[in-house]
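Asker: Structure, please.
(one chain, ligands or ions: 2)
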Amino acid sequence: MAGQMQYGGQAPNGQPIYILGEGSQRTKGRDAQSNNIMAGKAVANAVRSTLGPIGMDKMLVDSMGDVVITNDGATILKEMDIEHPAAKMIVEVAKTQDDEVGDGTTSATVIAGELLKKAEELLDDGVHPTIIASGYRNAADKAAEYINEIAVDVSPDDTETLKKIASTAITGKGGEEYKDTLAQLSVDAVKAVSEKTESGTSVDTDEIKIEKHAGGSMRDSELINGVVIDKERLHTNMPKKVENAKVLLLSAPIEFQKTEMDAEIKITSPDQMQQFLDQEEKMIKDMVDKIINSGADVVFCQKGIDDMAQHYLQKEGIFALRRVKQSDMDRLAKATGANIVQDVDEISESDLGSAGNVEEKDVSGTKMTYVTDCESQKSVSVILHGGTEHVVDSLEIALNDALRVVGVAVEDGKVVVGGGASEVELAMKLYNYAASLEGREQLAAHKFAEALDIIPQTLAENAGLDAIDKLVELRSQHEKGNKYAGLDVRNGEIVNMWEDDVIEPLRIKTQAINAATEAAVMILRIDDVVATSEKSGGGEEAAMGGGMGGMPMGM
Ligand code: ADP
Ligand code: MG
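Answerer: Ligands and ions are numbered 1, 2, ... in the order given. Below you'll find the model as predicted:
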């Protein structure tokens, strides 16, 4: 490969000076750019065919032979073993998108790839990368401005629109047949945890607990105001139901504490043995007494509770669960107002929380503990039913996506339409903006606008339609002022996306455009790749700017 050489120069006496270690690789200038652009585009191509509600699925097989079938951009890129550093930057776009919005990962990746592709055309025409970078950045700022103009307000009480947002996110994912139920559940759950703050509304979807349950019908899935724990009470003699419960949360075990050191206790007579056991029993009894004295009648213990302790607790009519997950402990603390106590010796009445009802219930064959009517109404759980393990898993993914987009829409209060409508409208406005610029800046802004067309084009392609025809039709509608005209992928018609109920939170689009632009610009600005070689024998493939690492090309 051309352009690879050791970093260094020439001493006055003509001797070459090497400043990099042996095996280090360097790629410079246009070669470095081309390699990086190629790698970035390859990542985008890898997920492109999955875009849209009728995009294809990918089957990913890991080194252990485990199979994942998905059409979720972030999941695909996570599972793929991508090594090329520029490719990784594009993967990062999908990751950020997933963290920030929870949806739109494929779109963000595809836009990033297209921005790189268009940049390459500009480079070929002799436009300097710095000009492209600043042109792209300015265009992205304009795009943010324009998309805010076409966004529409949505109220947190507008259940109908919020449900459409949830449905749009779920369409094409597993669980589509249960779209309505999932949409309703997600809107109810988000409403339950949304909080008014000084600056608006905040939604933390982590507060919504999804309790999966294989068996039963999806339609029996329900939203519970409170915390549901997938555990049954420790002892059948414990009460099944405690009303107005005083709840103790304990992160320490209720067990005889073995010493840290390897102590050896020599027992020489049966008496001594008995003494030893008595002492152990007394220790446990003391621990349980401390719990009883605090006034607690429900105990959730994060660690173990041994048989003897169970016996004493049960005798006192205390409801207890052991080995409760940390995440559940945190939710219980929030819901009941209890403090998580770390040491049995430190339990005090003021640490206890309260719940109107703690009850073990039989949910189609599995016993679970419901903690409801809590002090704080902000804790909710969704019991998700599905025929098989595999079905509930995919329902959970769909529900998670729905929760995120509805949460984002409630937080921001702004939505846009999908189906390529927003991208075409944006592109049209950006073409006008570009025309107002001069020289090479204009070229960059124009290419940026073109790059956004990749969304409607890909949606059409993946639906087996003619991408160019559809793009032309879309543009002509938008030029007539139909700013919500998008592609109905099911019948190939151009329709008003509000009527088609394809609605997305504004943040999906702004985040995707920003992250894609940042990544593309970062990659473009690199014109020198220096890689120290760690792997011997990797040759060019192992070097930065070299091959594609572990990523298959041409997908
Ligand atoms: P992403 O990972 O980007 O969310 P998706 O596979 O979920 O990828 O596809 C999202 C794209 O599909 C968006 O552009 C969205 O507007 C579009 N879309 C979703 N539902 C429909 C629909 N019913 N008709 C047309 N386009 C749709
Ligand atoms: Mg999506």
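
Asker: burial of residue 134, as a residue count?
Answerer: A total of 15 residues lie near residue 134 under the criterion other Cβ atoms under 10 Å. Where C-beta positions appear, they are placed from N, C-alpha and C, glycine not excepted.

Asker: tell me what the host helix or strand of it is packed against?
Answerer: Residue 134 belongs to helix 129-150 when elements are defined using DSSP states H and E. The elements that helix 129-150 packs onto, with contact taken as 3 or more Cβ pairs under 8 Å, 6 or more residues apart in numbering; DSSP states H and E, are helix 105-124, strand 414-417, helix 421-435, helix 439-452, helix 506-524.

Asker: how about a cut-off of 6 Å?
Answerer: helix 421-435, helix 439-452, helix 506-524 (3 or more Cβ pairs under 6 Å, 6 or more residues apart in numbering; DSSP states H and E).

Asker: of all of the stretch 301-450 of the chain, which residue lies closest to ligand 1?
Answerer: Using Cβ to the nearest ligand atom, the closest approach of the stretch 301-450 of the chain to ligand 1 is made by residue 418 at 2.1 Å.

Asker: which parts of the stretch 451-555 of the chain sit against ligand 1?
Answerer: For the stretch 451-555 of the chain, the contact set with ligand 1 under Cβ under 6 Å from any ligand atom comprises 455, 459, 487-489, 502, 504.

Asker: Apply 5 Å and report the result again.
Answerer: With Cβ under 5 Å from any ligand atom as the criterion, the stretch 451-555 of the chain meets ligand 1 at residues 489, 502.

Asker: so where is the stretch 451-555 of the chain shaky, pLDDT-wise?
Answerer: Of all residues in the stretch 451-555 of the chain, those with pLDDT under 70 make up the ranges 533-555.

Asker: can you map out the strands along it?
Answerer: When secondary structure is read from DSSP state E, counting those that start in this stretch, the stretch 451-555 of the chain shows strands at 485-488, 493-496, 503-505, 528-531.

Asker: Deepest-packed of those strands, please.
Answerer: Neighbour counts (mean count of other Cβ atoms under 10 Å) averaged over each of the strands of the stretch 451-555 of the chain peak at strand 503-505, with a mean of 27.

Asker: Name every strand pairing with that strand and say which way it goes.
Answerer: Based on DSSP bridges, the pairing partners of strand 503-505 within the sheet are strand 414-417 (antiparallel).

Asker: Could you find the closest non-adjacent residue to residue 456?
Answerer: Using Cβ to Cβ, 6 or more residues apart in numbering and skipping residues adjacent in sequence, the residue nearest residue 456 is residue 420, 2.9 Å away.

Asker: who touches the one you found in this structure?
Answerer: Counting by Cβ atoms under 6 Å, 6 or more residues apart in numbering, residue 420 makes contact with 455-456, 459, 486-487.

Asker: possible to save the strands of the stretch 451-555 of the chain as JSON lines with distance to residue 338?
Answerer: As requested, these are exported to JSON lines (distance: least, Cβ to Cβ, whole Å):
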{"stretch": "strand 485-488", "distance to residue 338": "50"}
{"stretch": "strand 493-496", "distance to residue 338": "52"}
{"stretch": "strand 503-505", "distance to residue 338": "35"}
{"stretch": "strand 528-531", "distance to residue 338": "54"}
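
Asker: Columns distance to residue 52 on top of the contacts of residue 420, output as TSV?
Answerer: As requested, those are exported to TSV (distance: Cβ to Cβ, whole Å):
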residue	distance to residue 52
455	9
456	10
459	4
486	11
487	9
